[in-house]
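# sequence and computational prediction follow.
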Amino acid sequence: MGPIVSGARPVLWLSLLHGFFFLVADSGTESPEGTTTDMSSRQFRAEFLHEWQGSPDAPYFDPGTPKNITGLVGHPVRLLCRVKNLKNRTVSWVRHRDIHLLTVGRYTYTSDQRFEAQHKPRSEEWALRIRSPQRRDSGQYECQISTTPPIGHAVFLNIVEPETIISSGPELFIQAGSTINLTCTVRHTPEPPTSITWTHGDQIINFDSARGGISLVTEKGLKSTSRLLVQRARGQDAGVYTCGPNNAPSSSTRVHVLSGEHPAAMQQGSARSTLDKTASILCCLSMLYVLSKPTFNALEFGT
């Protein structure tokens, strides 16, 4: 490997010297666009830069560096960049949203004190740390090496916050005598919730009540779920049900328990609403048809 590299150096120096003469000649005379001198100068610059970046001594990014980072609101997050063969060049972090230079080397160049450059001496890792990140910090960031031209490694940051979702949505309609089945999902929490409380109206649901038929199944993990089952639903079971984890916002849904005649009434009301809409559309079409016909001339009526 050594003889090959040493043998390539004279060729590179000859190319540099050749390009230098063309650059000097080009700067001293104003040659028209497209002349041999101008074309040779541009060709030298393109070939030299391409050869320089592809040389064994050129810096490059570790391909194993993460490109997507997910962080939690209010919890520190760290964007990592690993650079090989850096030598005397510098590493910077830039935010794409506003093309804002955040760090250069180990120095921070932003007034936002939440951002901090991190680097250990003789380490290949150059990190950007964000204390107490917010949703607005989501977006693309780029780790750049001060080559000519600069090369970069893009990292997309997604800042999320804890959320609670009930799968049934804001309302649930069920038939009397069937089972109320509510599933609550809690995600994006620093750790699984230690407790998930269900309430019906203002009352915490008592699973040992005389009513019976109430059960709860909870699974905790990166995404925790809690499933509430109320069997043989009746009118008293209607109302607002709320799922409240201890480390995430609560979520609610309203349950409607329908007796035998209600579904038919609802269907009748829905059908009536559909008929009303159809009649309105036909009326509008009739008016448009009448207005679109050509107006008869008064003389035609006299003939």
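Yep, it's here.

# quick one: Thr179 and Ala233 touch, right?
Yes. Taking contacts as C-beta atoms under 8 Å, Thr179 lies within contact range of Ala233: 6.7 Å. Yep, even glycine has a C-beta here, placed from its N, CA and C like the rest.

# and the two? Which one has more around it.
A side-by-side neighbour count of Thr179 and Ala233, using other C-beta atoms under 10 Å, places Ala233 first with 21 against 12.

# residues contacting the more buried one?
Contact analysis of Ala233 by C-beta atoms under 8 Å, 6 or more residues apart in numbering lists 174-180, 255, 257.

# tabulate those residues in a markdown table, adding columns for pLDDT, distance to Gly105 and secondary structure.
Output for the contacts of Ala233, formatted as a markdown table (pLDDT from 0 to 100; distance: C-beta to C-beta, whole Å; DSSP: H, G, I helix; E, B strand; the rest coil):
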| residue | pLDDT | distance to Gly105 | secondary structure |
| --- | --- | --- | --- |
| Ile174 | 95 | 63 | strand |
| Gln175 | 95 | 68 | strand |
| Ala176 | 95 | 70 | coil |
| Gly177 | 94 | 71 | coil |
| Ser178 | 95 | 66 | coil |
| Thr179 | 95 | 63 | coil |
| Ile180 | 96 | 60 | strand |
| Val255 | 97 | 59 | strand |
| Val257 | 96 | 66 | strand |
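
# could you dump those into TSV with distance to Val104 added?
Below are the contacts of Ala233 laid out as TSV (distance: C-beta to C-beta, whole Å):
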residue	distance to Val104
Ile174	62
Gln175	67
Ala176	69
Gly177	70
Ser178	65
Thr179	62
Ile180	59
Val255	58
Val257	65
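
# how near is the closest residue to Gly74 other than its chain neighbours to Ser195?
Nearest residue to Gly74, sequence neighbours excluded (C-beta to C-beta, 6 or more residues apart in numbering): Ser132, at 5.4 Å. Distance from Ser132 to Ser195, counting by C-beta to C-beta, to the nearest Å: 26 Å.

# one step back: widest-spaced pair of the contacts of Ala233?
Across those, no pair lies farther apart than Gly177 and Val255, at 13.9 Å, counting by C-beta to C-beta.

# and the two? Which one has more around it.
Comparing Gly177 with Val255 by other C-beta under 10 Å, the one with more neighbours is Val255, at 19 against 12.

# what is the burial count for the spatially closest residue to that one that is not a sequence neighbour?
For Val255, ignoring the flanking residues on the chain, the nearest one in space by C-beta to C-beta, 6+ apart is Leu172 at 4.9 Å. Number of residues near Leu172 (other C-beta under 10 Å) recorded here: 18.

# the strand or helix carrying Leu172 pairs with which strands, and in what direction?
For Leu172, the element it lies in under DSSP states H and E is strand 171-175. Sheet pairing of strand 171-175 (DSSP bridges) gives strand 251-258 (parallel).

# in the protein, where is pLDDT below threshold?
For the chain, the stretches flagged by pLDDT under 70 are 1-54, 260-303.
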